[in-house]
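Chemist: here is the input, now give the coordinates:
(one chain, ligands or ions: 1)
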Amino acid sequence: MKITKFKGDITTEIANSFKNSIAIDTEATGLQIPERDKLSLIQICDENDNVYIVQPNKNHYKAPNLVSILENKKILKIGHFLRFDKNALEFFLKCKIKNIFDTKIASKIVRTYTDSHGLKNLVQEFCNKSLDKRQGSSDWNKDINELTDRQLEYAANDVVYLHKIKFELEKMLVREGRMDIFNSCLAFLDSRVELDQNGFKFDIFEH
Ligand code: MN
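Modeler: A predicted model of the protein is given here:
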């Protein structure tokens, strides 16, 4: 794993290096986006374990190279609980994310033998690694050059296993015949995020 830091945006050269898929995660000042909290970091991992950590410009959030990747239908964006990241990225970077794979939704649909669908659980099961989540609640709004190596490594670890996890979950979805229902759930994520942004945080299907 190689970590590269950026302020504002990735370079066009790096944007052009992405081929089939990227893994993506974000860190924010808290969980209430957009009403209180702000997008702090965007982590991307390519298919060769190169990790890019971007600190957006908090004055204007302009990141055209990132946006071009997020909106590119040919590049799959793999994320864990994209309901949060999609909301944050679309609101702050003013874009519409196309072509996604959510490992948490996939896990809930196919790993029916457990109630544990956290990233830590998936990393343990599919990568046989124990993810240290202790740096999770960090001040991610610090200047990116002031973040410690441990913090950067933590942020990178949230994306570096996602390709492998997606590969394994996809096999299970096919095996169990649940690919169609998974895809329908992904299609609904647009509406789910729209509901979140309009204050409907609860489950609208619940009695
Ligand atoms: Mn994270």
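Chemist: now Val67. Nearest residue, chain neighbours left out?
Modeler: Cys95 (4.4 Å; Cβ to Cβ, 6 or more residues apart in numbering). For glycine as for every other residue, the C-beta is placed from the backbone atoms N, C-alpha and C.
Chemist: tell me how far the one you found lies from the ion.
Modeler: Noted for Cys95: a distance of 19 Å to the ion, by Cβ to the ion, to the nearest Å.
Chemist: same thing with Glu194?
Modeler: For Glu194, the distance to the ion - Cβ to the ion - is 23 Å.
Chemist: tally of neighbours for that residue?
Modeler: As a burial measure, Glu194 scores 12 neighbours (other Cβ atoms under 10 Å).
Chemist: which residues touch it?
Modeler: Listed by Cβ atoms under 8 Å, 6 or more residues apart in numbering, Glu194 has no contact partners.
Chemist: next one, pLDDT for it please.
Modeler: At Glu194, the pLDDT value in this model is 93.
Chemist: regarding it, what is its secondary structure?
Modeler: The three-state assignment at Glu194 reads helix, by DSSP: H, G, I helix; E, B strand; the rest coil.
Chemist: ok, Tyr52 next?
Modeler: strand.
Chemist: that one reaches Thr4, doesn't it?
Modeler: Yes - contact criterion Cβ atoms under 8 Å: Tyr52 and Thr4 qualify, at 5.3 Å.
Chemist: which helix or strand contains the residue nearest to Val67?
Modeler: If you go by DSSP states H and E, Cys95 is not part of any helix or strand.
Chemist: thinking again about what came up before, which one of Tyr52 and Thr4 is surrounded by more residues?
Modeler: Tyr52 (24 against 13).
Chemist: list the contacts for the nearest residue to the more buried one once chain neighbours are set aside?
Modeler: Distances taken as Cβ to Cβ, 6+ apart put Ile44 closest to Tyr52, at 4.6 Å, once the chain neighbours are dropped. Going by Cβ under 8 Å, 6+ apart, Ile44 touches 10, 22-24, 51-54, 69, 159.
Chemist: and Ile44, what are its bridge partners?
Modeler: Ile24, Tyr52 (DSSP bridges).
Chemist: so for Tyr52 and Thr4, which residues contact both of them?
Modeler: Ile14.
Chemist: for the ion, what is the nearest residue in the chain?
Modeler: In the chain, no residue comes nearer to the ion than Asp158, which is 3.6 Å away by Cβ to the ion.
Chemist: for my notes, confirm that residue occurs in a helix.
Modeler: Yes - if the criterion is three-state DSSP, then Asp158 is within a helix.
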